[in-house]
Structure formats: structure tokens, C-alpha cells
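In: Predicted model follows, preceded by the sequence.
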Amino acid sequence: MVQKYIGPHWGGVTPFALTSSNQFLTDSPATVDDSLYEQQARQILHYSARLNDEQKVIAEYWADGPRSELPLGHWCLFAQYVSQRDNHGLDADVKMFFALTNAIFDASIAAWGAKRVYDSVRPVTAIHYLSADKYVRAWAGPYQGTQRIKGRDWTPYQAPTVVTPPFPEYLSGHSTFSAAGAEILKRFTGSDRFGATYTQPAKSSRVEPLTTPASDLTLSWQTFTHARKRGRHLAALRRHPLRAGRPRWPSDGSQGRRAGLGPCPELHQRWDTGSQRRRSRRPERRAVDAGPDENARSRCGGLNRSRGGP
């Protein structure tokens, strides 16, 4: 079965605040004739061989696969938490979600534009190519732990039914969306303070449900910046498990952050200018608080999520 490219046209979509998808085009990724290319493959195998329960939970939480809110919607879950935390009324929510979703929309155009420009392979392809008949130490599959396996048999930490996403590796969508989402929420709230948590019950993994995690495990993010670093697949964090979960090249996260931050100042300026114009045209109206959404409360009060999501 041959996969079909998801969204090959997306870099050509008209953005909200950007002038084009290549306005913040990032540097090119390492190529196969570059020593950094093989070095990054070795780094991913290093992370894969040393996965612990916390890293596995982080990888699953941020996977954002099918039947979930998907990567772009993840920061909307965080915004729902902020709305409840700060007791937003309708007006505040309209403004926050407008700014947030347009920033992530522009970030997606920038990321998919770069994917078309560079058309780079994913780590699973690179590792199979570089280490096909060589033995490597890595996670060997559900319940198998770390073993010596042939490079061509290596897979990321994911369920056997999951396949590699059908679009190029570089630029990382997760990295770009997370950079944009964190920046907008910081600007909107006037603070980097976040404070959300997520607890995964013992033995509830979708990859290793009989054993992982061994006990209830809680993830927490004190700041939006912390959440952004956890959410982008190639953060500069040396223990970042998502390189083994849905792996990214180490250079990918910093470039994704650059592309994601690009449209935020312009977008925020457009929103501020538009708000001032609207205020000058009509009198202020009191916000109408429709009360907390119970579904949002269950998903965001502690960021507990349905089994369909990661």
C-alpha cells in the first residue's frame, strides 16, 4: 500500500498574517552526505534504547494521532484550560481563540511550505537506510524492551498498527504549532504562567497497556514555554522522548520554533488594531458568561482526555 501525501497544497494556502509560506523559511536540514545526518540517526537510537515510563507517557500524550484533537488542536485544549482557570466570559474566549487558531493556522502554512521545499525523509527511513544490516541497540517493540536488533527492523515507540505519517519530516509541525500556540497564550494572558497537569493511569498505555506506566504518572507544565518544549518533537532537551515516539531530527525543533514564532507579532498587532477600530465604532458591551462547558471541564480541568486522543 502506497501512502498519499497529506496536504501537499497547504503551503500555498492564503495565510492570515503572513505574506507567504516562505516568509520565515528555515535553513535546510542535513542531507545524507552530511556527517550531521548520521549523527542525528545515532542520537535517535540512543533515546530509543533508554526509554522509561515517563518518556513513554510523554510520547503518547503528545502523539496527537487519528481520532484525537490532532497536533493543531492540542493548544486549543490548553486554551480551554486557560479559559476556565481565568474565568473567561464569551468576549475573552472569542478573542483568545481567534488569535490562537489564526497563529497556528499560519504556522501550519509555514511548516507545510517548508516540507514541500525540502522534501526530507523521516528518521525511520533514514535509520533503515543507514543501518539496514547493522545491529543497533533500541526499543524492540511492545513489551520487548531494549535489545540488539537490525537497523532495518527498528520502529519508533508506537503501536504496531501505527504507520509513519504521509508527509515529509522537515519542518516539524508539532514544533511549529507549539511555538505559535505558546507565544499567543503568553501574549494574551500577559504571563508565561500555565499550571496544567495530566495524569495517565497505571497500565493504560496504548502501546504497552499491560505494563506502562507501572503506576499513575502525572505530567505538569508550570509555564507555556515548558509545554512548548515538551510539545515540539525536536526540542533541545536531551531526554526528549518524542524523538523516539514520533521521532524528529534534532535540528528540527529549533527551526520549527523559529517558523512558529514568525507570524505572532504581526498577528497580535492585527488583532489589537482591529479591536481598537471595533471599539471606536460601537459602545462597550458586557461580556456574557455562558458558564463552563462540562465537556471542556472534563478534558481540561486536569487535561484528562478521552481514550480516542493521545
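Out: Alright, I've got the coordinates.

In: who's in contact with residue 15?
Out: The contact partners of residue 15, by C-beta atoms under 8 Å, 6 or more residues apart in numbering, come to 21, 105-106, 109-110, 263. In short, each C-beta sits where N, CA and C put it, glycine included.

In: In this structure, which residue is most central in space?
Out: Centroid check for the chain by C-alpha atoms, centre = their mean gives residue 174 as the closest residue, at 2.8 Å.

In: Quick check: phi and psi at that residue.
Out: Backbone torsions of residue 174, given as degrees, to the nearest 10, read phi -60, psi -50.

In: Tell me the spacing between it and residue 165.
Out: According to C-beta to C-beta, to the nearest Å, residue 174 stands 11 Å off from residue 165.

In: Residue 152 too?
Out: Per C-beta to C-beta, residue 152 is found 20 Å from residue 165.

In: Ok, residue 77 next?
Out: 20 Å.

In: which of the two has more neighbours?
Out: Between residue 77 and residue 165, counting by other C-beta atoms under 10 Å, residue 77 is the more crowded of the two (18 against 13).

In: Within the helices and strands, which one has that one?
Out: Assigned by DSSP states H and E, residue 77 belongs to helix 70-85.

In: What is the subsequent helix or strand relative to that helix?
Out: helix 90-118.

In: Could you give me the buried positions within that following helix?
Out: Residues of helix 90-118 classed as buried: 92-93, 96-97, 99-118 (neighbour count, 16 or more other C-beta atoms under 10 Å).

In: I'd like to know the phi and psi angles of residue 135, please.
Out: phi -90, psi 130.

In: Before we move on, what's the pLDDT of the residue nearest to the centre of the chain?
Out: Listed pLDDT for residue 174 reads 87.

In: can I assume it is in contact with residue 72?
Out: No - the pair residue 174 / residue 72 is not scored as a contact, 9.6 Å apart, by C-beta atoms under 8 Å.

In: returning to that earlier point: next, the angle helix 90-118 makes with the helix holding residue 77.
Out: Helix 70-85 runs at 160 degrees relative to helix 90-118, counting by axes from the mean of the first three to the mean of the last three C-alpha atoms, to 10 degrees.

In: Point out the least confident one among the contacts of residue 15.
Out: residue 263 (58).

In: Please, which helix or strand holds residue 39?
Out: Following DSSP H and E, one finds residue 39 within helix 35-48.

In: Give the rounded mean pLDDT of that helix.
Out: Helix 35-48 shows a mean pLDDT of 91.

In: Tell me how far it lies from the chain's centre.
Out: Chain-centre distance of helix 35-48: 21 Å, with C-alpha atoms, centre = their mean, to the nearest Å.

In: again with stretch 45-60
Out: 16 Å.

In: end-to-end on that stretch?
Out: With C-alpha to C-alpha, to the nearest Å as the measure, stretch 45-60 spans 18 Å from end to end.
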